[in-house]
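Next input, structure requested:
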Amino acid sequence: MAPRIPNSSQLNNSRPVYCLDLTFGGVEYHLATEPVDVVRDGRVIHYAEALSDVDYIEETTREGMEEGNSVPLAVFLDGVNIADQVARGHRLEAVAGHLFFVFVDRSSGRAGQTYAERFALLTGRLSQPVYADPERDPGFLSFTLDDNPGDDVSLLLDPSAAITDATYSAAPGLSDGKVYPVIIGTPGVYRKADGTSSGTSGSPAYPLAESGSNHTKLLIAGHEVVASTVTVFDDTGTSSQVFNVAHETDGLGRLVAVVDISSPGGISAKSTEYWCVWNGGGGIRSPFSGSALSGLGDVCAWALLRTSLRVDVEKWIAEAGILNRVQVATYISEASLSPWSFVTRLLDSLLVEVRAGPLGLYPLGRVLDTAMAEGLALITEGPEFEPIGPIVGQTQLGEVVNEVAIKFAPRAKTGDYKRRIILTPDADTSDPEQFSDEYAIISANRWSTDPEAPIIQSEALELEHIYDDTSAALIARERVRTQGLGYSERPYLAAARFGYLMPGDQVRLDSESLGRVFLATVLSKEWTGYAWALSLALDDDPVRISSLKASG
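Predicted coordinates for the structure are as follows:
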């Protein structure tokens, strides 16, 4: 699809016309709120005036998960008896629809965009269809176009990827039924508070063969890995040994990673369990590069390639630059885990918004400080972008968070954590795991009514998929930046040419009425018939506010 932002000539003296593609009974219908011709693949497609006014409000939040969207619609299929079509076996619940809009020149009535340049809004199936109304034409149909993806019925792991008689018939009994672990990043590898490298149990390893009563080979991953060596701990938790990684195929032809422990020097060959530290390289290789998979955005895209849900993978890849600042290290061995459940688990601590778009689920990466905002579009208040209401503060004191305590670097063997960090307005300088930043300090003072008594409000997190202290600190900083300072909302009325703005988009807003420039996020958008009604979240960056000022 072409870029979402059109040029100004496409939008001046224009209005949006909503269009719907609908296939029912083997026939493709092209319907619109008013007649319009749209060029598609070199052909002119006529959209007949047979679509009801679209009461469509696009909305988002500053954080959280959205798994679907819907809009009520009504259409008239000229010359069609819908009840007869249903009686012939054409199920309305199986019909898919695609809703979009184009801008039409007010003078000529011509569409300013081709089909490839359309503004896609919603792709989904019909739900709760209503037809055969005795007081209406047989071709009248009302319904809700619903793009809720539903439950993810797919599995992240292959059910056959386990130690069984079919894969390793000679494996010791203690390994029977063990699911092949999928290794992401370098689980078990972390830095102590003093900066020195260390390791802990990051993922399990399972005996595959034995000689007498001694184990001779361990499975460490159910796939090819990047690592050349791993460190293996036995059940004492203190004895360890470095082994070279090898690859082989199991009884079903699956490539797996193993280590030969037939000549143990530091661990017991009779241990009841084994654990790996991935300090000799990473796990599964990224499909997007030649290195080990570890960046959060890449990990999410990799998982969602396996989902039954509709996913806009291209947007996940496009947002990887922001999401990949967080490095993931973990293993997966839950046979019933769905890709979507895994992704929501990873994103929960980052306050990343996930929306259901016309091409499927996609992430909304947020610019949180103005040092990153210079590349955003600058919009100036005026007759074409006018505030139509007051600023309303949206943050209550009980929602403020300016201290975040994070446990990370889990010890897989026991479930406890080897590291912690605390971002706080009042850091104890004798504790190397405590630190402060300007946003936390400003927040503590901003919400206080007594200059001598700053308000500190905390939250605690446990990050099972993080071993990297830089990633943990980034998560802490972004939570304080998002939840510590508060935000306000203000309604605006914008000319038709601002139709490219979509919920979730961020801009720099130069507000003459407020005397400053804000980092603004579009929260909702609705066409009033002559202009766009927008609600904007206005964020204040007191640390770098000067970087938001419009350049001369």
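
And what about the most centrally placed residue in the chain, helix, strand or coil?
Central residue check for the chain by Cα atoms, centre = their mean: the C-alpha nearest the mean position is that of residue 363, 3.8 Å away. Judged by DSSP: H, G, I helix; E, B strand; the rest coil, the three-state class of residue 363 is strand.

bridging residues for it?
Residue 363 has the following beta-bridge partners by DSSP bridges: residue 354.

Give me the pLDDT value at it.
Reported pLDDT at residue 363 in the predicted model: 85.

who touches it in this structure?
When contacts are counted by Cβ atoms under 8 Å, 6 or more residues apart in numbering, residue 363 touches 297, 300, 315, 316, 319, 323, 347, 352, 353, 354, 355. For glycine as for every other residue, the C-beta is placed from the backbone atoms N, C-alpha and C.

Look up how far residue 317 lies from it.
In this structure, residue 363 and residue 317 are 10 Å apart, going by Cβ to Cβ, to the nearest Å.

ok, back up a step: tell me which entries of the contacts of residue 363 lie within helices.
When DSSP state H defines the helices, the subset of those inside them is 297, 300, 315, 316, 323, 347.

of all those residues, which two lie farthest apart?
The largest distance within the ones in helices among the contacts of residue 363, taken as Cβ to Cβ, falls between 315 and 347 and amounts to 14.2 Å.

For the ones in helices among the contacts of residue 363, please prepare a markdown table with the additional fields pLDDT and neighbour count.
What follows is these, written out as a markdown table (pLDDT from 0 to 100; neighbours: other Cβ atoms under 10 Å):
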| residue | pLDDT | neighbour count |
| --- | --- | --- |
| 297 | 91 | 23 |
| 300 | 92 | 29 |
| 315 | 84 | 19 |
| 316 | 85 | 24 |
| 323 | 88 | 22 |
| 347 | 88 | 19 |
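
Which of those sits closest to residue 48?
Distance from residue 48 was checked for each of those by Cβ to Cβ. The minimum falls on residue 315, at 32.1 Å.

got the contact list for the residue nearest to the closest one when sequence neighbours are not counted?
Here the nearest residue to residue 315 in space, its sequence neighbours aside, is residue 362; by Cβ to Cβ, 6 or more residues apart in numbering that works out to 3.8 Å. Shown in contact with residue 362 (Cβ under 8 Å, 6+ apart): 311, 312, 315, 316, 319, 354, 355.

what's around residue 407, how many residues?
Other residues within reach of residue 407, judged by other Cβ atoms under 10 Å, total 18.

Give me the secondary structure label for it.
For residue 407, the reduced secondary structure class is strand; criterion used: three-state DSSP.

which residues in the stretch 151-300 of the chain form strands?
182-184, 189-191, 197-199, 203-211, 214-221, 229-233, 240-249, 255-260, 274-280 (DSSP state E, counting those that start in this stretch).

Could you export those as JSON lines, including mean neighbour count and mean pLDDT?
Putting those into JSON lines (neighbours: other Cβ atoms under 10 Å; pLDDT from 0 to 100) gives the following:
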{"stretch": "strand 182-184", "mean neighbour count": "28", "mean pLDDT": "98"}
{"stretch": "strand 189-191", "mean neighbour count": "21", "mean pLDDT": "98"}
{"stretch": "strand 197-199", "mean neighbour count": "15", "mean pLDDT": "96"}
{"stretch": "strand 203-211", "mean neighbour count": "22", "mean pLDDT": "96"}
{"stretch": "strand 214-221", "mean neighbour count": "23", "mean pLDDT": "97"}
{"stretch": "strand 229-233", "mean neighbour count": "23", "mean pLDDT": "97"}
{"stretch": "strand 240-249", "mean neighbour count": "15", "mean pLDDT": "96"}
{"stretch": "strand 255-260", "mean neighbour count": "19", "mean pLDDT": "98"}
{"stretch": "strand 274-280", "mean neighbour count": "24", "mean pLDDT": "97"}
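
Tell me which of the ones you listed lies nearest to residue 405.
Smallest distance to residue 405 across the strands of the stretch 151-300 of the chain (Cβ to Cβ): 17.1 Å, for strand 189-191.

How far off centre is the closest one?
26 Å (Cα atoms, centre = their mean, to the nearest Å).

please renumber so the chain begins at 2
Sure, I'll start counting at 2 from here, so that last one is strand 190-192.

which helices and strands does it pack with?
Contacting strand 190-192 under the criterion 3 or more Cβ pairs under 8 Å, 6 or more residues apart in numbering; DSSP states H and E are the following elements: strand 198-200, strand 275-281, strand 418-424.

Make sure residue 307 is indeed in a helix.
No. Under three-state DSSP, residue 307 sits outside any helix and is assigned coil.

pretty sure it contacts residue 153?
No. Residue 307 is not in contact with residue 153 according to Cβ atoms under 8 Å; the separation is 9.5 Å.

what is in contact with those two at once?
By Cβ under 8 Å, 6+ apart, the residues touching both residue 307 and residue 153 are residue 340.

Pick out whichever of those two has more residues nearby.
Regarding residue 307 and residue 153, a neighbour count based on other Cβ under 10 Å identifies residue 153 as having more, with 22 against 17.

OK, contacts around the more buried one?
When contacts are counted by Cβ under 8 Å, 6+ apart, residue 153 touches 308, 309, 310, 339, 340, 341, 342.

Now do it, the pLDDT please.
At residue 153, the model reports a pLDDT of 76.

So residue 431: helix, strand or coil?
Under three-state DSSP, residue 431 comes out as coil.

Tell me, how many residues neighbour it?
By the other Cβ under 10 Å criterion, the neighbourhood of residue 431 contains 6 residues.

what does residue 274 give?
The local packing of residue 274 (other Cβ under 10 Å) involves 15 other residues.

For the nearest residue to it once chain neighbours are set aside, give me phi and psi.
Distance criterion Cβ to Cβ, 6+ apart; nearest residue to residue 274, sequence neighbours excluded, is residue 236 at 4.9 Å. Comment: the main-chain dihedrals of residue 236 come out as phi -70, psi -10, following degrees, to the nearest 10.

list the contacts for residue 236?
By Cβ under 8 Å, 6+ apart, the contact list for residue 236 reads 269, 272, 273, 274, 275.

now swap in residue 330 and tell me
185-190, 203, 279, 295, 466-469.

nearest residue to it other than its sequence neighbours?
Closest residue in space to residue 330, ignoring its immediate chain neighbours: residue 186 at 3.4 Å, by Cβ to Cβ, 6+ apart.

Next one: the one you found from residue 294, what distance?
Using Cβ to Cβ, we find residue 186 at a distance of 7 Å from residue 294.

Repeat that for residue 340.
14 Å.

so where's the protein shaky on pLDDT?
Residues of the chain that meet the criterion pLDDT under 70 lie in 2-13, 59, 61-69, 149-152, 366-376, 541-553.

how about a cut-off of 50?
The chain contains residues with pLDDT under 50 at 2-9, 65-66, 68, 546-553.

residue boundaries of the helices in it?
Ranges of helices within the chain are 9-12, 83-88, 297-305, 314-319, 321-324, 340-348, 439-447, 470-484, based on DSSP H.
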